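Peer 1: structural data only, the sequence is not supplied:
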């Protein structure tokens, strides 16, 4: 044990004295500080703006004067998605997906106003998030500092005397591993500090802790690889080349292959073709603005028979409002079917990319990080679904007001009779059918469950590399 500590201590002392190590650490620390500061300011501003705009949208909707309820259906409303607390570290797919949706009757709009515009505001720096610094650049820092961790001993001819004094290959391996774990602990401090800050912003302690442990495990995985290669090869040049080749494949090539595989396995249908197919299906639903549409003849006959009357004017409710409600329900079911199919394809593509984490620790840590932070595809899909529930709820509630509070005779004559037009304007209190919308991040357990497969990949990678490294260390020679 004393030998292990002595080896680790000498390694730390060497790094402190090494100008290359000091300069490298300073550069990377500067990057993580700058990216964390920018990401924090941007996320806090976005969160404040979206929560404020959500309140403004609700107040604007509720403050509308007396109108025909169907005009309010078309007036519409907005739903905003504020970034979760851990988005200060990993904004995930939020930078490319829209964060607000305009909600109106008879259609489902797509999310809009993605945060990618922040890259222009920051001269392209916006994409360099703390998560990306850890995932892409910190492995390079470990390679720069530690690629010669064993080769240096051979070149300085200190390895033979060391082993001649009874230091075994396993002891040497453990001492070098201990030194690298100390470095990993130092490099994990920034993510720990960001996690603590996110807890102060409302994040759960387990989520912040697991995010920190995830990146510590990722850096440990790279340290295990570094040791394995260092014991497998004897010269610095070969060791550096192998490590850089692994970094190149793990962070650039395999992720591109994963994306291409996902697209090829579950291709997304073009928007034009999807819209054409959807329009064909929607034609069968009927025009909700036209109560004389033949599509609603069966509905009309059923209501007349149910209330034993001969004309829609004699029904106890406004037939136009009933038609609007029925058409909206049918239309929403069709739109939801298309939306669910699209989201299922996206989810399957995402699962394929996640499973490529078995070949790349970069993909594994990326998926786990986004899942824990609540900035993954599942969170975006949940936002779309919850916004649609809000839309359908208030539209149908207004259709009920239309059917229950406006006379059919006034409704059909409001464009030609000024008195009828006034009588079709309902009290603004009816706008309070709009429910308050505040999108919240999924619970910690749900996020950790989504991250579990990728965390398993990272654990297997780390244990496998450590195991092979120990086997190589057993046969180590000067």
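Peer 2: Great, that's in hand. Just so we're clear, the structure is a prediction, and the values are computed from it rather than from any experiment. Residues are numbered from 1 along each chain as shown.
Peer 1: what packs against the lengthiest helix in the chain?
Peer 2: When the chain is parsed with DSSP state H, its longest helix is helix 19-62. Judged by 3 or more Cβ pairs under 8 Å, 6 or more residues apart in numbering; DSSP states H and E, helix 19-62 is in contact with helix 2-17, strand 77-80, helix 130-132, helix 138-146, helix 189-200. For glycine as for every other residue, the C-beta is placed from the backbone atoms N, C-alpha and C.
Peer 1: tell me the angle of it relative to helix 2-17?
Peer 2: 80 degrees (axes from the mean of the first three to the mean of the last three Cα atoms, to 10 degrees).
Peer 1: now helix 19-62: average pLDDT?
Peer 2: When pLDDT is averaged along helix 19-62, the result is 91.
Peer 1: ditto for stretch 310-328
Peer 2: 92.
Peer 1: quick one: end-to-end length of that stretch, please.
Peer 2: 26 Å (Cα to Cα, to the nearest Å).
Peer 1: which residues touch it?
Peer 2: 69-70, 73, 105-106, 285-291, 293, 296, 299-300, 303-304, 307, 309, 392, 395-396, 399-404, 406-409, 411-412 (Cβ atoms under 8 Å, 6 or more residues apart in numbering).
Peer 1: now with 6 Å?
Peer 2: 286, 288, 291, 296, 299, 303, 307, 395-396, 399, 402-404, 406, 408, 411 (Cβ atoms under 6 Å, 6 or more residues apart in numbering).
Peer 1: one step back: which helices and strands sit right next to the very next helix or strand once past the longest helix of the chain?
Peer 2: Going down the chain from helix 19-62, the next helix or strand is helix 69-75, by DSSP states H and E. Under the contact definition 3 or more Cβ pairs under 6 Å, 6 or more residues apart in numbering; DSSP states H and E, helix 69-75 sits against helix 377-405.
Peer 1: closest to residue 437 out of the helices and strands packed on helix 19-62?
Peer 2: strand 77-80 (5.3 Å; Cβ to Cβ).
Peer 1: tell me the strands beside that closest one, with direction?
Peer 2: strand 100-104 (antiparallel) (DSSP bridges).
Peer 1: and the helix or strand just after the strand it pairs with, how far out from the chain middle?
Peer 2: Using DSSP H and E, the next helix or strand after strand 100-104 towards the C-terminus is strand 107-108. Mean-position distance between strand 107-108 and its chain equals 23 Å (Cα atoms, centre = their mean, to the nearest Å).
Peer 1: partner strands of strand 107-108 and their direction?
Peer 2: strand 100-104 (antiparallel).
Peer 1: can you tell me what sits against the partner strand?
Peer 2: Residues contacting strand 100-104 (Cβ under 6 Å, 6+ apart): 76-80, 109, 111, 113, 387, 391.
Peer 1: for it, give the mean pLDDT please.
Peer 2: 94.
Peer 1: now do that strand against helix 377-405, angle only.
Peer 2: 20 degrees.
Peer 1: low-confidence stretches in the stretch 251-400 of the chain?
Peer 2: In the prediction, the stretch 251-400 of the chain carries residues with pLDDT under 70 at positions 271.
Peer 1: swap the cut-off to 90 and go again
Peer 2: Low-confidence segments of the stretch 251-400 of the chain, defined by pLDDT under 90: 266-298, 310, 312, 314.
Peer 1: the helices in it, which residues?
Peer 2: Ranges of helices in the stretch 251-400 of the chain, per DSSP state H, counting those that start in this stretch, are 254-265, 271-283, 297-307, 319-355, 361-373, 377-405.
Peer 1: which among the ones you listed is found nearest to residue 22?
Peer 2: So among the helices of the stretch 251-400 of the chain, helix 361-373 is nearest, using Cβ to Cβ, at 26.6 Å.
Peer 1: just the buried residues of the closest one, please?
Peer 2: 361-373 (16 or more other Cβ atoms under 10 Å).
Peer 1: what does stretch 311-330 give?
Peer 2: Buried residues in stretch 311-330 (16+ other Cβ under 10 Å): 312, 315, 317-328, 330.
Peer 1: hmm, residue 430 is touching residue 401, no?
Peer 2: Yes: at 4.9 Å, residue 430 counts as touching residue 401 under the criterion of Cβ atoms under 6 Å.
Peer 1: just to revisit the earlier point, just send the buried residues of helix 361-373 back as a markdown table, with distance to residue 205 too.
Peer 2: Below are the buried residues of helix 361-373 laid out as a markdown table (distance: Cβ to Cβ, whole Å):
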| residue | distance to residue 205 |
| --- | --- |
| 361 | 26 |
| 362 | 27 |
| 363 | 27 |
| 364 | 24 |
| 365 | 21 |
| 366 | 23 |
| 367 | 22 |
| 368 | 18 |
| 369 | 17 |
| 370 | 20 |
| 371 | 17 |
| 372 | 13 |
| 373 | 15 |
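Peer 1: circling back: pick the one among the buried residues of stretch 311-330 closest to residue 128.
Peer 2: Nearest member of the buried residues of stretch 311-330 to residue 128, counting by Cβ to Cβ, is residue 328, at 45.0 Å.
Peer 1: that older thread, need the max-distance pair from the contacts of stretch 310-328.
Peer 2: 307 and 395 (25.2 Å).
Peer 1: quick one: which of the two has more around it?
Peer 2: residue 395 (28 against 11; other Cβ atoms under 10 Å).
Peer 1: check the gap between the more buried one and residue 414 for me.
Peer 2: 20 Å (Cβ to Cβ, to the nearest Å).
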